[in-house]
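Chemist: Dropping a prediction and its sequence here:
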Amino acid sequence: MKVSVKTPATIANLGCGFDSFGLALPLYNVVSVEETVLPGSGIEINIINEKNNTDNELTDVATDKTNIVYKAIELLYNFIGQIPNELKITIKTQIPIGRGLGSSSSVIVGGLIAANELLGRPADQKVLMSIATEIEGHPDNITPAFLGGVTMSSWEEDGSVIYRKLPWNDDWKLMVCIPDYELNTEISRSVLPKEVPMKDAVFNLKRSAMFVDALYNKDEELLKLALKDKLHQPYREKLVPGLSDIMNNLKHTNGVIGTVLCGAGPAVLIVYNGINVSEIKEIVTNSWNYFNVKCNFMNLPIEKEGASIL
Ligand code: HSE
């Protein structure tokens, strides 16, 4: 038996919600898991760059038991007191890797749902969410990959994940600006301080509350304030040359609601409300040109659906 699961790309943090908020995008990875018939054939992992997307450098992705999809599936098997023996895992990727678009969460979630199906669904969504978060290290990409839409999540001390879906006003458009280089999440987390000033914590605390209220009440002025951050973006600016220029240059551009780093970067998300696309693109292109960075733009709606079995 073979099970394939399609899972969306995601953007985490969304400014103020470091490790908490996330949203899904209509770009997908597909993970297939099958138990191979021949005993002793072991674990086989294949990774296929589906769109022949030259931006996707897959040579660094492990195809042995250190692969994150395998590690997640192994935890699920352990949860029911088993270990995986013969498995073939195929990962078809469309989501650019190392850009802050949740490629790792997407394949972890896809692999877990597929393996759970293969095993006769021993785990419910909460258990799968906890296992996925344990592998990923934070739940903000995992939750929208599972559920679609915009989400908040919290990884609790007992290992469980508290999560909710939030509404989104479809008048608020998304432009994802993807630069031509990768940024490793571990490196991007290593520049963050262990402790932050109380006033910065309070700044983000207030903005997280504003973010939720802005979404429920379609309050654009509040969202403008909410899409700001003092906990991670200021520290990551040095890893994303041009980020502060893009943010400053777009601050007063008509129609721009906010500009944030996508997850750990280096892609940038612009939330806007009009048709002012060409001016926004020009500002981003010029800001990155100065640093010799080329960029791809994607105007995408929110993906409302989460991972699905094909
Ligand atoms: N919240 C995470 C971070 C997302 O900003 O490091 C990246 O996986």
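Modeler: Thanks, I have it. Residues are numbered from 1 along each chain as shown.
Chemist: what bits of the stretch 101-250 of the chain have low per-residue confidence?
Modeler: Along the stretch 101-250 of the chain, the model assigns pLDDT under 70 to no residue.
Chemist: All the strands of it, residue numbers only.
Modeler: For the stretch 101-250 of the chain, applying DSSP state E, counting those that start in this stretch gives strands covering 150-155, 161-166, 173-179.
Chemist: could I get the ones you listed as TSV with distance to the ligand and mean neighbour count?
Modeler: Yep, even glycine has a C-beta here, placed from its N, CA and C like the rest. Below are the strands of the stretch 101-250 of the chain laid out as TSV (distance: least, Cβ to the nearest ligand atom, whole Å; neighbours: other Cβ atoms under 10 Å):
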stretch	distance to the ligand	mean neighbour count
strand 150-155	10	23
strand 161-166	14	17
strand 173-179	15	21
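Chemist: Kindly reformat those as TSV containing distance to T36.
Modeler: TSV is the format used below for those (distance: least, Cβ to Cβ, whole Å):
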stretch	distance to T36
strand 150-155	34
strand 161-166	32
strand 173-179	36
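Chemist: Between these, which one is closest to L87.
Modeler: Checking the strands of the stretch 101-250 of the chain against L87 by Cβ to Cβ gives strand 161-166 as the closest, at 25.2 Å.
Chemist: Pull up the residues of the stretch 1-150 of the chain that are close to the ligand.
Modeler: Within reach of the ligand by Cβ under 6 Å from any ligand atom, the stretch 1-150 of the chain has these residues: A12, N13, F18, D19, H138, D140, N141.
Chemist: quick one, what contacts the fifth one?
Modeler: For H138, the contact set (Cβ atoms under 8 Å, 6 or more residues apart in numbering) comprises A12, D19, W155.
Chemist: closest to E86 among these?
Modeler: Out of the contacts of H138, the member with the shortest distance to E86 (by Cβ to Cβ) is W155, at 32.1 Å.
Chemist: tell me the contacts of the closest one?
Modeler: Contact partners of W155, counting by Cβ under 8 Å, 6+ apart, are D19, T133, H138, P139, V161.
Chemist: of all those, which comes closest to I270?
Modeler: For those, the closest approach to I270 (Cβ to Cβ) belongs to D19, at 21.7 Å.
Chemist: And the closest one, what's its pLDDT?
Modeler: Looking at D19, its pLDDT is 98.
Chemist: Can you list the helices and strands that the longest strand along the chain packs against?
Modeler: Looking across the chain with DSSP state E, the single longest strand is strand 21-34. Here strand 21-34 touches strand 2-12, strand 87-93, helix 103-118, helix 142-147, strand 150-155, strand 295-300, going by 3 or more Cβ pairs under 8 Å, 6 or more residues apart in numbering; DSSP states H and E.
Chemist: Who's the closest spatial neighbour of the most centrally placed residue in the chain, skipping the chain neighbours?
Modeler: Within the chain, the residue whose C-alpha comes closest to the C-alpha centroid is G102; the distance, by Cα atoms, centre = their mean, is 2.8 Å. Using Cβ to Cβ, 6 or more residues apart in numbering and skipping the chain neighbours, the partner closest in space to G102 is T10 (3.3 Å).
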